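A.B. asks: return atomic coordinates for the entry below.
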Amino acid sequence: MRLLGSRPAAVVLVTCATFVDVLAYSSAIPIFPNLGTRLGASPTVIGLLFSAFGFSLLAVSIPMGAVSDRIGRKKPLVAGMLALAAATLMLAWLHTIPWLFVARLMQGAADAVTWVVGFALLADLYGPTERGRVMGSVISATTVSLMIGPPFGGWLYEMGGMTLPFVSVALLAAGVALAFAMQPDTRPGPSASSGRMSEVLLAPAMVRCAFAAAAAAATLTMIEPVWPLFLDTRLGLHPAEIGLLFGIGAVTSAMLHPWYGRLSDRFGGRRLTVAGLLGGALAMPLMAGPDSMVSAAVRMVLLSAAIGLAITPSLSFIAEAASAAGVETFGVVYGIYNVAWGAGVLVGPALGGFLYERIGFQWLCLVWAPCLVTAAWVIGRARLVPAAKPVVEASG
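C.D. replies: Numbers count the residues shown, from 1 in each chain. Just a heads-up that it's a prediction; the model follows:
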């Protein structure tokens, strides 16, 4: 089978790109607080360093999607990987607070390019009956990267100081950029006219899908800062035990995403996204009731499985919604999805902490469950309405 320029090659490269991107982000988690302390940064400044990543991700996602729709997928993907490599090298050697902010902003922009353009490329190459399977496999691989990133970064930091982990990731990113550069360019098909694009992007099905993605992201990130506090108070669990629980959730997601993708191809992304959000609504109240480490692990598995069922199918469904609305290129489409996901990631932890402090974890879970039911209702009402075709009058 010819691999250069083939669909399997594109899947492998997009998977490698997202894997390295998540590795760059997650491997910095155990290093940044230590570096910030050494540089005299306050906890607020360290928090802003992490937030800088999300700021540029939100700012760049839609514009880069539009650029890739115009010039093709190859150049933005090469540029994104090179930007990630450059930003990571800056983290290795330029140890001042302003340069750290520049590097994190560059990493966030590179993340936007990788995910938006990479998934747009997959949507270009695979039809509605195959996208779920392919995208589920990519998500599964990146979940593994999220699991190994922190120990990878911490281990290399212990071995070789600040330089070794970041240089290692930069070399991986440069290697993926070179691999993309060796591939033939992939030009998207004809897109909707610029005059109609705003109407297409505001199509009800696409807006509803973006809303569902934001709800799923907010649910996952909402419990990250507050469930450990609850478990410490209720069960006296240590950080290592709590970390194991989140690791169990990540393993669950990694195992189920490919299977969810195949189900999405068979039964449709909208139905499964609704089922996942409803499952999350049922699982959230259970998160407040563990009486042992084992029961906490079971609850984490249930929540991870439910929200995972909303993620992979929604990635497939938004492409279906765009196609029905008349779009045949997917850069801006996945830019919108990325912005929605990023908004959920930004809102979730802040809202979780706010509610936890005021009403406690049990009520937080009870209050959030109806929000997921609402999100399920919103996307459940989405209908794929084909775009109207221009009428051509017969002459004569």
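A.B. asks: now A205: how far from A325?
C.D. replies: A205 sits 7 Å away from A325, going by C-beta to C-beta, to the nearest Å. Where you see a C-beta, it was placed from the backbone N, CA and C, and this is true even at glycine.
A.B. asks: low-confidence ranges in the protein?
C.D. replies: 1-5, 29-37, 41-48, 50-51, 186-201, 328, 385-396 (pLDDT under 70).
A.B. asks: tell me the domain boundaries of it?
C.D. replies: Here the domain parsing of the chain from automatic domain parsing is 7-186, 196-380.
A.B. asks: as a markdown table, these with mean neighbour count would be great.
C.D. replies: Formatted as a markdown table, the domains of the chain follow (neighbours: other C-beta atoms under 10 Å):
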| stretch | mean neighbour count |
| --- | --- |
| domain 7-186 | 20 |
| domain 196-380 | 20 |
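A.B. asks: could you find the closest non-adjacent residue to L105?
C.D. replies: Using C-beta to C-beta, 6 or more residues apart in numbering and skipping the chain neighbours, the partner closest in space to L105 is S56 (4.4 Å).
A.B. asks: residues in contact with that neighbour?
C.D. replies: By C-beta atoms under 8 Å, 6 or more residues apart in numbering, the contact set of S56 is R104, L105, M106, Q107, G108, A109, A112.
A.B. asks: now, which of these lie within helices?
C.D. replies: R104, L105, M106, Q107, G108, A109, A112 (DSSP state H).
A.B. asks: residues contacting V102?
C.D. replies: Counting by C-beta under 8 Å, 6+ apart, V102 touches A87, M90.
A.B. asks: repeat that with 10 Å
C.D. replies: A52, A87, M90, L91, L94, T96 (C-beta atoms under 10 Å, 6 or more residues apart in numbering).
A.B. asks: distance to V251 and secondary structure added to these, as JSON lines?
C.D. replies: As requested, the contacts of V102 are arranged in JSON lines below (distance: C-beta to C-beta, whole Å; DSSP: H, G, I helix; E, B strand; the rest coil):
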{"residue": "A52", "distance to V251": "30", "secondary structure": "helix"}
{"residue": "A87", "distance to V251": "29", "secondary structure": "helix"}
{"residue": "M90", "distance to V251": "33", "secondary structure": "helix"}
{"residue": "L91", "distance to V251": "28", "secondary structure": "helix"}
{"residue": "L94", "distance to V251": "36", "secondary structure": "coil"}
{"residue": "T96", "distance to V251": "38", "secondary structure": "coil"}
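A.B. asks: distance between the host helix or strand of R299 and the chain's centre?
C.D. replies: In the assignment (DSSP states H and E), R299 maps to helix 293-324. Centre-to-centre, helix 293-324 and its host chain are 12 Å apart (C-alpha atoms, centre = their mean, to the nearest Å).
A.B. asks: show me what that helix is packed up against.
C.D. replies: helix 97-125, helix 131-160, helix 194-201, helix 204-235, helix 239-267, helix 269-286, helix 331-380 (3 or more C-beta pairs under 10 Å, 6 or more residues apart in numbering; DSSP states H and E).
A.B. asks: state the distance from L346 to W368.
C.D. replies: L346 is 16 Å from W368, by C-beta to C-beta.
A.B. asks: quick one: which of the helices and strands packed on helix 293-324 is nearest A310?
C.D. replies: helix 269-286 (3.0 Å; C-beta to C-beta).
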